[in-house]
Each structure stands twice: as C-alpha cells, then as structure tokens.
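Peer 1: Coordinates only, no sequence provided:
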C-alpha cells in the first residue's frame, strides 16, 4: 500500500509542474503587446482641369547687340559714359587722341589747295593756247600737252578732295559714339591704352527693351506647332499658337509679370540635336532682364478636362512600369500599376489605374506591402524654399519637357 502511494506521488508531481508551466505561459501570452500597423502618409487622388505647358530652358539676349570697336589707332584719352546705364544713339562713349588726325586733316587740306591752284593754272594755259594753236602761233603738240596737264590737275584735285574726306572721317572716328539706344556694358579698355581696329572691343551696347529669349524645341514639337498654325489658317513660319502667351520663370522661381510672344524661328534644324531655335520677345520696361540670363520658358499647349492627379512622390517606376500603393477603406494596402501622362507641378496626370478620391501612399511605401494593414495619416506638402539670392538656373543643352498645370 505504501508502494502504490509512492508511485502515485512520483507521477503526480511532474504532471502538476507541467500544468503550472502551461498556465504561466498562457498568462504571459495573454499579456504580450500586439504589433501596431505601420504608419504611412497618404493623399487623395484629385480630379480637375489642368493646362499642359511646354517647358524649355531659354537664354536671354539683347534685341540688338552692338560691339564697340575703335576704327582708328590712337591713345584712349577719356571714357565719357557711366557703365551699366542707358545710352542713346550718338552719345559719346570714348575719346581717342585727335591731334594726329587733326594734323593729317590740315595736311590734306593743304594738298587740296595746291591741287586747286595747279588746276587753275592748267585751265589758264589751255584757254591761252587754244587761239594761238588756231593761228599756228604754237604747235598743236603744245596745246595737247596743256589740255592733258589740265585733266591731270583735275584728277589730282579729286584725289586731294577724297584725302580730305578720309582725314575728316578719321578725325570723327576719334569720337567713339553709340550706334543704338541701349544699356552700355563695362569698359574693356582703360584710359591711356593704345587702341585700334585690330584691338579687342572697347565695350558693348545692347537694346534690352524688348529683350529676346532663345530656346530650342524639338523637331516634333515644331511640326505640331506648324500643323496647328496651318489649321488656324496661318501659313507663316512662326510656330506660336497665339500672341502674348509666353511665360518666363526667372532664376528666383518667380514668374516674370509681362508675357511675351514668339518672334521668329531659325532657318534650319540643328542636325546634331534635332532641335530648332525659337526666338521670343518680352517687354522689359525697367531693364530687369539682362542678356546672358537663363530662364524657363513656358507655353500653354492644351487643356486636359477632368484629369486625375497623383503626387509624383507616390509614383514608383520599375523597368518602365509605374506603380502606386493604394490604401482602401479598410486601411489595407495594395500595389497597383498605373499609366502616367503629363506632369502638373509636383503631380503626375494619371491616365489609367486610379479613381477619384482613392488614397495613395506618398511616404512609407516600403512599409506598405501588398495586403498589409496600415495606419494612414494625411500628407501635407511643404512649400518649396525659395532659392537664395544670386542663384542661377543651370543651362542643360536643349532640355525640353512638357508640364501641366
């Protein structure tokens, strides 16, 4: 009897121990924290009308750019204008030492007077010898010599007159004036320099109101523009859709307040880049725009009615396919293939794959895997910081793309 109780106690103790461990484990499992759904930022798909723009990098240039060179050689005596300010046609810019040219003019005038005196003498001889030759008082040869001397004196007089005119021109060239109205640049030559026709330019003057902007468009865009013009009954070579519809986005991100127009197109397509250069004109009454600046040129092309817009940050590209992560009403994530169209600022125009009002993940796409429950929070876009003062727009070669707004 004692042996049976001992065996029962031996089997009972391990069984109770196992039951206690199981109960403890269940209690701990009951108190284990649950994993929270990952937090993602989402934005609703927006539907609205957008305007599609052509967007190109443009280079500003003066309507007329006059490079000022010295036409005579001499010492530069004075600079007579203020650099960077408006000058008018005929304003004196530089003064070259006129004394050598004044002396050359005086010498030419002296030779002119001598030639005139010689002409008068030969004319008198012809007048005197003519009746004497008729009366055989002198030979015909002497009369012929007098007549030829008179003609030679006449030619010498005309040559002396031309020399005087040339000397007067050279003296006038010592006053270097502006050939146009415009902004005068910084002087490249200093007072005391020896300048001449073979030296570098003294300065440059540019007409900047209106101011030109050159920008390249692709051959395909040019042909589309020309087709549009032909449909409108306009057969000229200017590829603009309408007048006064060009917009200029400056280096600081601001839109230039005055709109421009297409001025002309180049005569040929660049065979290296496949683009044709277009020139636009913008009014510049306060001379804010200067030659050499870079700016974005925008031209409205078409309007998309009821376009669906998704943030560009929400669209991922994989081997040429575009994907977005959509969060349904149960907060379940799913990856969907979409087709994109034009761009509208920070948004893509979605042509297929999304519906209005659907939520797409903007941040946290790596956490929103297929079928995962997420914790969606609204995405609030922060405004882009303005570029620092003096920031320039880089100049990629013939960069073109289409945007919508």
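Peer 2: Nice, thanks for sending it over. Bear in mind that the values here come from a model prediction, so they are computed numbers and not experimental data.

Peer 1: This structure - how does it break down into domains?
Peer 2: Taking automatic domain parsing as the reference, the chain has its domains at 39-50+304-378, 55-62+207-302, 70-96+175-200, 98-173.

Peer 1: Tabulate those domains (JSON lines), appending mean pLDDT and mean neighbour count.
Peer 2: Placement of C-beta: from N, CA and C, glycine included. What follows is the domains of the chain, written out as JSON lines (pLDDT from 0 to 100; neighbours: other C-beta atoms under 10 Å):
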{"stretch": "domain 39-50+304-378", "mean pLDDT": "87", "mean neighbour count": "17"}
{"stretch": "domain 55-62+207-302", "mean pLDDT": "84", "mean neighbour count": "17"}
{"stretch": "domain 70-96+175-200", "mean pLDDT": "93", "mean neighbour count": "16"}
{"stretch": "domain 98-173", "mean pLDDT": "92", "mean neighbour count": "15"}
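
Peer 1: Tell me where the protein has helices.
Peer 2: Under the criterion DSSP state H, the chain contains helices at 2-30, 99-134, 140-173, 219-231.

Peer 1: The longest one to helix 140-173, inter-axis angle?
Peer 2: Helix 99-134 and helix 140-173 meet at an angle of 160 degrees, taking axes from the mean of the first three to the mean of the last three C-alpha atoms, to 10 degrees as the criterion.

Peer 1: hang on, isn't residue 104 packed against residue 167?
Peer 2: Yes - counting by C-beta atoms under 8 Å, residue 104 sits close enough to residue 167 to count as a contact (4.9 Å).

Peer 1: chain center to the longest strand along the chain, what's the gap?
Peer 2: The longest strand of the chain (DSSP state E) is strand 46-68. Centroid separation for strand 46-68 versus its chain: 7 Å, with C-alpha atoms, centre = their mean, to the nearest Å.

Peer 1: try stretch 162-171
Peer 2: On C-alpha atoms, centre = their mean, the centre of stretch 162-171 falls 44 Å from that of its chain.

Peer 1: Check stretch 101-111 too.
Peer 2: 51 Å.

Peer 1: Outside of it itself, list whatever touches it.
Peer 2: Residues outside stretch 101-111 that contact it (C-beta atoms under 8 Å, 6 or more residues apart in numbering): 72, 74, 160, 163-164, 166-168, 170-171, 173-174.

Peer 1: just stretch 270-279 next, same as before
Peer 2: With contact meaning C-beta under 8 Å, 6+ apart, stretch 270-279 is reached by 212-219, 222, 239, 262-266, 268-269, 397-398, 400.

Peer 1: swap in stretch 73-88?
Peer 2: Here stretch 73-88 makes contact (C-beta under 8 Å, 6+ apart) with 70, 91-98, 100-101, 174, 178, 181-187, 189-197, 202-203, 205, 287.

Peer 1: First-to-last residue distance for that stretch?
Peer 2: 25 Å (C-alpha to C-alpha, to the nearest Å).

Peer 1: Also stretch 254-267?
Peer 2: 32 Å.

Peer 1: Check stretch 279-290 too.
Peer 2: Stretch 279-290 has an end-to-end distance of 15 Å (criterion: C-alpha to C-alpha).

Peer 1: Tell me which stretches of the stretch 201-350 of the chain form strands.
Peer 2: 203-218, 247-249, 261-265, 275-282, 294-311, 316-318, 321-327, 333-344, 347-352 (DSSP state E, counting those that start in this stretch).

Peer 1: Go ahead and confirm residue 213 touches residue 62.
Peer 2: No - Residue 213 is not in contact with residue 62 according to C-beta under 8 Å; the separation is 11.0 Å.

Peer 1: re the thing from before, quick one: strands adjacent to the longest strand of the chain?
Peer 2: If you go by DSSP bridges, strand 46-68 pairs up with strand 203-218 (antiparallel), strand 294-311 (antiparallel), strand 400-404 (antiparallel).

Peer 1: picking up where we left off before, can I get the contacts of stretch 101-111 in CSV including distance to residue 301?
Peer 2: Putting these into CSV (distance: C-beta to C-beta, whole Å) gives the following:
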residue, distance to residue 301
72, 54
74, 56
160, 68
163, 64
164, 63
166, 58
167, 61
168, 58
170, 56
171, 58
173, 51
174, 55
